[in-house]
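Engineer: Build me a model from this:
(chains A and B)
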Amino acid sequence: MWQQIALNKRNSCILLTIMLLVLLSVGASFGILTSYFLCIDDNVSIVQIIHSAQNGILIALIVWIILFLVAVTNGKNAILALNQAYKLPKESHRILENVVEEMSIAAGMPKPPEIYVIDTPMPNAFATGLTPKNSAIAVTTGLLTELNRDELQGVIAHEIAHIVNRDTMYMIYAGIMIGSIVLLSDYGIRYFRHGSFKSTRRSSMSGKSDIILLVICIVLMILAPVLAQILYFSISQKREYLADACAVQYTRYPQGLATALMKIYNSLYVFRDADKITSAMYIVHPLDYEIQHKNTYSMFGNLFSTHPPTEKRIEILSKMAGADFNAYNEAFKKVSHSRKNILKREFLHGVQPLEIVTPKHKETIINPTNAVFAAGMMLTTGKQIQKEKIIDEDFKIRKRQAENIIWKANDYIFKECSCGTKFKIPQEYKGQQIKCPHCNSIINVENS
Amino acid sequence: MTKEQIILYSPLILLILIFFWTVIVYNGLVVLKNQVKNAWAQIDVQLKRRHDLIPNLVETVKGYASHEAQTLENVIKARQTAINIDNVKDKAVAENALSGALKSLFAVAENYPELKANENFLQLQEELTSTENKIGYARQFYNDAVLNYNNKKEMFPSNIVATIFNFEHRDFFEADVSEKTAPQVKF
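Structural biologist: Numbering: from 1, shown residues only, chains lettered A, B, ... in the order given. Presented below is the predicted three-dimensional model:
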């Protein structure tokens, strides 16, 4: 485990260094471009070019440092706020709190992450935070409604794995890099458009080499954001597979995560409110929904997809013969019909075989492999079958529990009438009396 | 540098190198040892939590199923023995016995629909199941840490440093045999 964390950190460092180089070259071209259109003097010497490039790099570094400071001090909260996440009020959902604690113990985290809840019927979850000590997990109310305890455990384990593997850290740092690159190239290109009008009188440009230099700068500006994103996506798919493998290692129960992914994948709701910037952090990409369901995987789509196809993830999980990394790797090979390892050889070396442990309080679980086909059927036949399948007694109880979190987070007062009716009362009614609509008795709303 | 000087200084340099190597290995061992310690502390916290939850559970069950006195008595006894033990090996045995007693208590509770519907009981059941899970996961982690530590302690050349500074051997926290042989899942 320690090994894989170290390796992940190293890989992230290499990628971030490359991104930094991209950022610096964008900064340099920014400097050169602006100096071209600001200076009236036609003859630009080499010294001046170098000087303006240096200035550009300095600007790039300043932008980066500012964004970096903002992210380090406030990144986690900003991401949570962007997704409209409430902090889970204490004791409002014991199962969720327990599951998070269990998984953080299994992963050997120094302390469990903070828990946040997003009020949307679309089941999904994400994790964020620079260090395991200062991290957070956000789940949607839909997730709490649709998944049973074992499935929830699988999802939470996957998110904890992202934190422990430092994927969330990489995500934030890479986000800053991409952010500053986009910012600079945006301004640079704008300068160019604006400046080119003014400089028409300089049409007799000072020489061929200058034009070549300018063209290089502009091309760099245009390509840099795309390049940074490709760099970023180059590892995020692998990290998803690794997080799945880790989740199974923690829970020793691949079916839990498999059925959870299936339920999320088949969910009828589309998470339209999901924030575009942070959407890549969710366990299943919320805005990818339509692409995934239409099964239109073009070359381009794959290159820019942060998540591997969900069906494939489900199939791998359901074909696992054990709960260790080797079992995951073997299942991956079987599913993708290739001999390529998905996990690094360092992870597979000397792994002790782990057996799958079925939870003692086992609930009826559909066989995931069949369920994938069943899910496909459901999609073609429409909403009704799906609705019938999921609305059972447990579903109603879970839905109520999940809704109560949001009531509590909004400071509603919980009261029970003597006839058994349960009320959620807004703060404004403090110190007043309300009448129960069922038994007409008067209920006092205390000031406490 | 003359030949004589080299002969004079080389033992000194060798000594300094050995000293630095010892420091590095020693610190590595201490890190691993602390990991084991922390992992054990986590198990201990969860075991204590379970001990604290049991009296509540017994009280709740008593109200509904008073003639299951034998089962209740077993749980109380198992808890009492588990609390009084300090070393790792015996503790594992005692705690496994307690797990067994609790399991039979929950099995008995199945026969009392009113008890099963009691909110307090349901809450306690969730807490105890979760605590049980946490003990399991903490044990996984503890055993991994112990394996790491013992390996480093016994392997050459770090074992020299370990013997000089008297690093103790740590025991695994063994799971119950019946827990280990989980049913194989077939697709």
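
Engineer: thought residue A:172 was touching residue A:130?
Structural biologist: Yes - proximity of residue A:172 to residue A:130 meets the contact threshold set by C-beta atoms under 8 Å, at 6.1 Å. Where you see a C-beta, it was placed from the backbone N, CA and C, and this is true even at glycine.

Engineer: Pull up the overlap in contacts between those two.
Structural biologist: Common neighbours of residue A:172 and residue A:130, using C-beta atoms under 8 Å, 6 or more residues apart in numbering or on different chains, are residue A:75.

Engineer: what bits of the chain have low per-residue confidence?
Structural biologist: Picked chain A for this. For chain A, the stretches flagged by pLDDT under 70 are A:1-3, A:37-44, A:194-209, A:268-280, A:286-306, A:346-347, A:349-352, A:359-393, A:447-448.

Engineer: wrong one, I was asking about chain B
Structural biologist: Within chain B, the set of residues satisfying pLDDT under 70 comprises B:175-187.

Engineer: show me where it has helices.
Structural biologist: For chain B, applying DSSP state H gives helices covering B:3-64, B:69-83, B:88-109, B:113-117, B:119-154, B:158-164, B:177-180.

Engineer: Export those to TSV and append columns for distance to chain A.
Structural biologist: TSV is the format used below for the helices of chain B (distance: least, C-beta to the nearest C-beta, whole Å):
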stretch	distance to chain A
helix B:3-64	6
helix B:69-83	17
helix B:88-109	8
helix B:113-117	12
helix B:119-154	4
helix B:158-164	16
helix B:177-180	8
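
Engineer: As CSV, those helices with mean neighbour count would be great.
Structural biologist: Listed next are the helices of chain B as CSV, based on neighbours: other C-beta atoms under 10 Å in any protein chain shown:
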stretch, mean neighbour count
helix B:3-64, 14
helix B:69-83, 16
helix B:88-109, 18
helix B:113-117, 12
helix B:119-154, 19
helix B:158-164, 16
helix B:177-180, 11
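
Engineer: wait, doesn't residue A:168 sit right on residue A:162?
Structural biologist: Yes - in this structure, residue A:168 is within contact of residue A:162 by C-beta under 8 Å, at 5.5 Å.

Engineer: For those two, list the residues in contact with both.
Structural biologist: Shared contacts of residue A:168 and residue A:162 (C-beta under 8 Å, 6+ apart): residue A:127.

Engineer: one step back: looking at the helices of chain B, which is nearest to residue A:89?
Structural biologist: Ranking those by proximity to residue A:89 (C-beta to C-beta) places helix B:119-154 first, at 16.6 Å.

Engineer: for the closest one, packing partners?
Structural biologist: Here helix B:119-154 touches helix A:94-106, helix B:3-64, helix B:88-109, helix B:158-164, going by 3 or more C-beta pairs under 8 Å, 6 or more residues apart in numbering or on different chains; DSSP states H and E.

Engineer: Make TSV out of the helices of chain B and add distance to residue A:21.
Structural biologist: Conversion of those to TSV gives the following (distance: least, C-beta to C-beta, whole Å):
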stretch	distance to residue A:21
helix B:3-64	34
helix B:69-83	59
helix B:88-109	52
helix B:113-117	64
helix B:119-154	37
helix B:158-164	40
helix B:177-180	52
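
Engineer: closest one to residue A:262 among those?
Structural biologist: Relative to residue A:262, the nearest member of the helices of chain B by C-beta to C-beta is helix B:119-154, separated by 23.2 Å.

Engineer: could you give the angle of that closest one to helix B:88-109?
Structural biologist: Orientation note: helix B:119-154 sits at an angle of 160 degrees relative to helix B:88-109 (axes from the mean of the first three to the mean of the last three C-alpha atoms, to 10 degrees).

Engineer: picking that back up, for the helices and strands packed on helix B:119-154, could you give me TSV that also reports distance to residue A:46?
Structural biologist: Written out in TSV, the entries for these read as follows (distance: least, C-beta to C-beta, whole Å):
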stretch	distance to residue A:46
helix A:94-106	57
helix B:3-64	50
helix B:88-109	73
helix B:158-164	58
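
Engineer: does the closest residue to residue A:237 other than its chain neighbours sit in a helix, a strand or a coil?
Structural biologist: Counting by C-beta to C-beta, 6 or more residues apart in numbering or on different chains, residue A:237 lies nearest to residue A:308, which is 5.0 Å off, once chain neighbours are set aside. At residue A:308, secondary structure determined by DSSP: H, G, I helix; E, B strand; the rest coil is coil.

Engineer: From chain B, how far off is residue A:308?
Structural biologist: Taking C-beta to the nearest C-beta, to the nearest Å as the criterion, residue A:308 is separated from chain B by 21 Å.

Engineer: Check residue A:62 too.
Structural biologist: Where chain B is concerned, residue A:62 sits at a distance of 39 Å (C-beta to the nearest C-beta).

Engineer: For residue 127, which residues are in contact?
Structural biologist: Just going to use chain A. When contacts are counted by C-beta under 8 Å, 6+ apart, residue A:127 touches A:113, A:135-138, A:159-160, A:162-163, A:168, A:281.

Engineer: nope, chain B
Structural biologist: Shown in contact with residue B:127 (C-beta under 8 Å, 6+ apart): A:94, A:98, B:53.

Engineer: export these to JSON lines and tack on distance to residue A:34?
Structural biologist: Converted to JSON lines, those look like this (distance: C-beta to C-beta, whole Å):
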{"residue": "A:94", "distance to residue A:34": "58"}
{"residue": "A:98", "distance to residue A:34": "57"}
{"residue": "B:53", "distance to residue A:34": "67"}
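
Engineer: from the residues you listed, which is closest to residue A:189?
Structural biologist: Proximity of those to residue A:189, judged by C-beta to C-beta, is greatest for residue A:98, which lies at 51.8 Å.

Engineer: my read: the closest one touches residue B:126, true?
Structural biologist: Yes - using C-beta under 8 Å as the test, residue A:98 is close enough to residue B:126 to be in contact (6.8 Å).

Engineer: if we can go back for a sec, nearest to residue A:153 among the contacts of residue B:127?
Structural biologist: Using C-beta to C-beta, the shortest approach to residue A:153 within these belongs to residue A:98, at 9.5 Å.

Engineer: Quick check: the closest one vs residue B:125, distance?
Structural biologist: From residue A:98 over to residue B:125 the distance is 12 Å, taken as C-beta to C-beta, to the nearest Å.

Engineer: What distance do you get for whatever residue of the stretch 301-448 of chain A ends up closest to chain B to residue A:343?
Structural biologist: With C-beta to the nearest C-beta, the shortest gap between the stretch 301-448 of chain A and chain B falls at residue A:357, namely 4.5 Å. Computed with C-beta to C-beta, the distance linking residue A:357 and residue A:343 is 21 Å.

Engineer: Comparing these two, which residue is more hemmed in?
Structural biologist: More neighbours surround residue A:343 than the other of residue A:357 and residue A:343, with 19 against 16 (other C-beta atoms under 10 Å in any protein chain shown).

Engineer: Look up how far residue B:26 lies from the more buried one.
Structural biologist: Summarising the geometry, the distance separating residue A:343 from residue B:26, computed by C-beta to C-beta, is 34 Å.

Engineer: ditto for residue A:54
Structural biologist: Applying C-beta to C-beta, one obtains 48 Å for the distance of residue A:54 from residue B:26.
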